[in-house]
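[1] this one's structure only:
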């Protein structure tokens, strides 16, 4: 009898789920708005290391990402590593400074309308207190052998930028001290030594101009936030914002090769819940004036996780951005491109890399989460649906971005590395009805864009190709063409006095849709 009851309950649960899925309606009134759209999602984007930014293909991809997604800032590691040629000592032991490589990189970033979010790391070898390094490109992670010389370097570098770009420009930048010092792999010193590094760095930046923005601790997993606030309060050390990182998997940190395996966290509020809790904690410590920047975030912390390549990633990004809302001032997705060499040059075109684009410039499904977000208008419509944004732009056109987020990974029985490496057809989730009221009369061009299984989904097609280790030119062209972001449907409609328009769209697991109504 218990078995029969269990079966009956399962059937009823499935029926309830299907009814709820069928009944999803996004009800919108053109005349009811909530105010300006929060665009924290495009404040910042990550990149691997500074030296990669000198490559032509890296710069070409960044230009395209800027055009389509309009990120404002870019953050990267390794600005001070020896491959950027910043610092050495002459034969008498006197410091020598050189910013020619940084100038090329920053000139380009500014030229395309972006700004640097300056991560001040890692240690130049001539200033290092040891030989401990991280990554294939050997970023030195040891404290400085002379804190005064470190302070002099930072001061000289910030002075250089001030002279080159002007005070008003540099006032808009962010300066961040180091990267993930709470992990042994990134910082060979103690917490106390990090705070000493922070103090010397902050004082150096502020000595050039007290209005320049300095922050940290740039920690993994929301670490050291309270300790940083306590330290800066106690020692009267300047701080303008808190930065930290969050990833949506359940185990460990810092696995550039993906060998330990990762499991996507099934907690509905993973990542987003952490962001909200950090903001609440800061507010409880009377730090409402401090901005909160997540200078790294994604579903997984390893660049060997195929969820990054999968169509599932687009809905995941949107779900977390929606849940976070105003809790963070920025959420910097890690990273914009697979031209990313922490584990060395990668040997396959799709390898689970962090990027929105792969090495060949093929746009992954995740790319369109940000392009669609950037396509939203400036004013948000009142909207009770938890998995959508609805907006009006300055011309009065309407945009509705909506998605399904479904956790599909078999719980604790399979790693991301095996599950997302296979072809994963999406199950039906019913129909979404978009119900618009009080639209102004007139003729509209309606465009429907889609991301999901086999829709702007180059990774599934790559798997169907047999996941070749190398792509031919024709294969690259094919993958770019099937992920070109073109609308699935274009039609014209006429809105009469009632101002009502209804759209019904079949939804599958982890589908993403952007609906635009442009008045002609």
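    Great, that's in hand. The shown structure was predicted, so the numbers you read here are calculated from the model rather than taken from an experiment.
[2] quick one, grab the pLDDT at the residue positioned nearest the centre of the chain.
    Centroid-nearest residue in the chain: residue 333, 1.1 Å away (criterion: Cα atoms, centre = their mean). Looking at residue 333, its pLDDT stands at 98.
[3] do the same with residue 499
    In this model, residue 499 carries a pLDDT of 87.
[4] spit out the contact partners of it.
    30, 437-441 (Cβ atoms under 8 Å, 6 or more residues apart in numbering). C-beta here means a position set from N, CA and C on the backbone, and glycine is covered the same way.
[5] pull the most distant pair out of those.
    437 and 441 (13.2 Å; Cβ to Cβ).
[6] quick one: which of these two has more around it?
    residue 437 (15 against 11; other Cβ atoms under 10 Å).
[7] ok, now which ones touch that one?
    27-30, 499-500.
[8] switch the cut-off to 6 Å
    29, 500 (Cβ atoms under 6 Å, 6 or more residues apart in numbering).
[9] what ranges does the stretch 201-350 of the chain have for its helices?
    Along the stretch 201-350 of the chain, counting by DSSP state H, counting those that start in this stretch, helices occupy 225-235, 272-284, 312-324.
[10] columns mean pLDDT on top of the ones you listed, output as CSV?
    Shown next, in CSV, are these (pLDDT from 0 to 100):
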stretch, mean pLDDT
helix 225-235, 96
helix 272-284, 96
helix 312-324, 98
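[11] I'd like these as JSON lines, with distance to residue 52 and mean neighbour count appended.
    Putting the helices of the stretch 201-350 of the chain into JSON lines (distance: least, Cβ to Cβ, whole Å; neighbours: other Cβ atoms under 10 Å) gives the following:
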{"stretch": "helix 225-235", "distance to residue 52": "29", "mean neighbour count": "17"}
{"stretch": "helix 272-284", "distance to residue 52": "28", "mean neighbour count": "17"}
{"stretch": "helix 312-324", "distance to residue 52": "22", "mean neighbour count": "25"}
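[12] just send those helices back as CSV, with distance to residue 295 too.
    Formatted as CSV, the helices of the stretch 201-350 of the chain follow (distance: least, Cβ to Cβ, whole Å):
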stretch, distance to residue 295
helix 225-235, 13
helix 272-284, 12
helix 312-324, 14
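[13] which residues in the stretch 351-500 of the chain form strands?
    In the stretch 351-500 of the chain, the segments counted as strands under DSSP state E, counting those that start in this stretch are 379-381, 388-392, 398-403, 428-437, 442-451, 489-495.
[14] also the stretch 201-350 of the chain?
    Ranges of strands in the stretch 201-350 of the chain, per DSSP E, counting those that start in this stretch, are 213-219, 241-247, 291-298, 330-333.
[15] helices or strands up against the third one?
    Right, the one you point to is strand 291-298. strand 241-247, strand 330-333 (3 or more Cβ pairs under 6 Å, 6 or more residues apart in numbering; DSSP states H and E).
[16] quick one: which of the strands of the stretch 201-350 of the chain is nearest residue 67?
    Once those are compared by Cβ to Cβ, strand 330-333 is nearest, at 16.7 Å.
[17] now do the closest one: everything it contacts.
    40, 43-46, 75, 293-295, 297.
[18] just give me the closest of the residues you listed to residue 362.
    residue 45 (17.6 Å).
[19] quick one on the thing from earlier: mind giving me CSV with the strands of the stretch 201-350 of the chain and columns for distance to residue 362?
    Listed next are the strands of the stretch 201-350 of the chain as CSV, based on distance: least, Cβ to Cβ, whole Å:
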stretch, distance to residue 362
strand 213-219, 30
strand 241-247, 23
strand 291-298, 18
strand 330-333, 17
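[20] what about the chain, any weak spots by pLDDT?
    1-22, 251-258 (pLDDT under 70).
[21] for the nearest residue to residue 155 once chain neighbours are set aside, grab the count of nearby residues.
    If you skip the residues right next to it in sequence, residue 155 has residue 204 as its closest partner in space, 4.4 Å away by Cβ to Cβ, 6 or more residues apart in numbering. Neighbours of residue 204 under the rule other Cβ under 10 Å: 23.
[22] for residue 397, same thing?
    Residue 397 - counted by other Cβ under 10 Å - has 15 other residues nearby.
[23] repeat that for residue 119.
    Residue 119 has 26 nearby residues by other Cβ under 10 Å.
[24] deepest-packed of the helices and strands packed on strand 291-298, please.
    Highest mean neighbour count of the helices and strands packed on strand 291-298: strand 330-333, a mean of 26 (counted as mean count of other Cβ atoms under 10 Å).
[25] returning to what we had before: for residue 70, find the nearest of the helices of the stretch 201-350 of the chain.
    The nearest among the helices of the stretch 201-350 of the chain, by Cβ to Cβ, is helix 312-324 at 14.6 Å.
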